[in-house]
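**Student:** prediction below, plus the sequence it came from.
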Amino acid sequence: MMVTGKTRLEAFSDGTFAIILTILVLELHIPHLENNSLQAFLAGMSVLAPKLLSFLFSFFIIAIFWVNHHHIVHQIEKVDAKLLWLNIIWLFFACLFPFLTAFLGDYPGNPFVVALYPLNMACAAITLGAFWKYAFVDSNLAPNTLTQEQKQKRIRQDRIATAVNILSAALAFVWVPITLIIIILMPFLFVVPELLSNHAEE
C-alpha cells in the first residue's frame, strides 16, 4: 500500500477549509434599507438575522472541526491511500456546511431543512472519527502514545456526539427550536472538551 508524507494532505485540507469559510460568508448579503432611520436599520437587520445567526454558529463549528483535524494530523507521521480517502470523505461533508447554512438561514422554521444540518454534523463526526481511529488504532501511521483507556474514551465521545446529532435531527419534527438549540450547543458539549483533553494529553 502506498505510504507518503502528510504535507499534501495538510495543504489540500487547509485549502478546502479556506474555500468553505469564504463561501460561507458570501451567503451574507447586505439588506435593503428603506431610509436612514433606526427603524429601517432594525427592519433590515431582522431580515438578515436568521442568516447571520446560522453563519455565526456554522463558522465556529467548521473552525472547531478544522482545529480538531489539525490536531490529529499534527500527530500523524505518514499517510496511506485509505487515510487519504477517509480524509476526502470527511471533507465532502465539511463542504456541505455552506449550502446547509444558507438553506437553514432561508428556512429556519422548516423541520426538514433544520434536520439536515445535524445529520450532516453526524456524518462529519463519524468520518472524522473513522479518520482518527484508522490513524491511531488500526494502522501504524501515528505513534502509539495513547493508552487503551484514552482510545476508548475518544471512540465513546464520537459515538455520543453522533447519537446526539441524530436525535436532534429527529426532534426537529417535534419542535424545531430544540434542534436549533442543540446545534448551537454541540461544539461546547463535545468538541471543545475533546480539544482540551487532547491538549492535556500532549
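**Tutor:** Everything's here; your move.
**Student:** which residues are in contact with residue 115?
**Tutor:** 169, 170, 172, 173, 179 (CB atoms under 8 Å, 6 or more residues apart in numbering). All C-beta atoms are positioned from the backbone trio N, CA, C, and that covers glycine.
**Student:** buried residues in the longest helix anywhere in the chain?
**Tutor:** In the chain, ranked by residue count with DSSP state H as the criterion, the top helix is helix 38-75. Across helix 38-75, burial judged by 16 or more other CB atoms under 10 Å covers 51, 53-55, 57-59, 61-62, 64-66, 68-69, 72-73, 75.
**Student:** now for it, which elements pack on it?
**Tutor:** helix 7-26, helix 81-95, helix 97-106, helix 111-136, helix 176-186, helix 192-201 (3 or more CB pairs under 8 Å, 6 or more residues apart in numbering; DSSP states H and E).
**Student:** pLDDT of the helix or strand just after the fourth one, averaged?
**Tutor:** Right, helix 111-136. Note on helix 111-136: by DSSP states H and E, the next helix or strand toward the C-terminus is helix 148-171. In this model, helix 148-171 has a mean pLDDT of 91.
**Student:** next one: stretch 79-98
**Tutor:** Averaging pLDDT along stretch 79-98 gives 97.
**Student:** would you mind writing the CA trace of it as CSV?
**Tutor:** Below are the C-alpha coordinates for stretch 79-98, written out as CSV (Å, rounded to 0.1, in the frame of the first residue of the first chain):
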residue,chain,number,x,y,z
VAL,A,79,-0.4,8.7,5.3
ASP,A,80,-1.6,5.9,3.1
ALA,A,81,-4.3,5.6,0.4
LYS,A,82,-7.1,4.6,2.9
LEU,A,83,-6.4,7.6,5.2
LEU,A,84,-6.4,9.9,2.1
TRP,A,85,-9.9,8.6,1.1
LEU,A,86,-11.2,8.9,4.7
ASN,A,87,-10.0,12.5,4.7
ILE,A,88,-11.7,13.2,1.3
ILE,A,89,-15.0,11.7,2.5
TRP,A,90,-14.8,13.8,5.6
LEU,A,91,-14.1,16.9,3.5
PHE,A,92,-17.2,16.1,1.4
PHE,A,93,-19.4,16.6,4.5
ALA,A,94,-17.5,19.6,5.5
CYS,A,95,-18.1,21.2,2.1
LEU,A,96,-21.9,20.8,2.6
PHE,A,97,-21.9,23.2,5.5
PRO,A,98,-22.1,26.4,3.4
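**Student:** right, I'll call it a day here.
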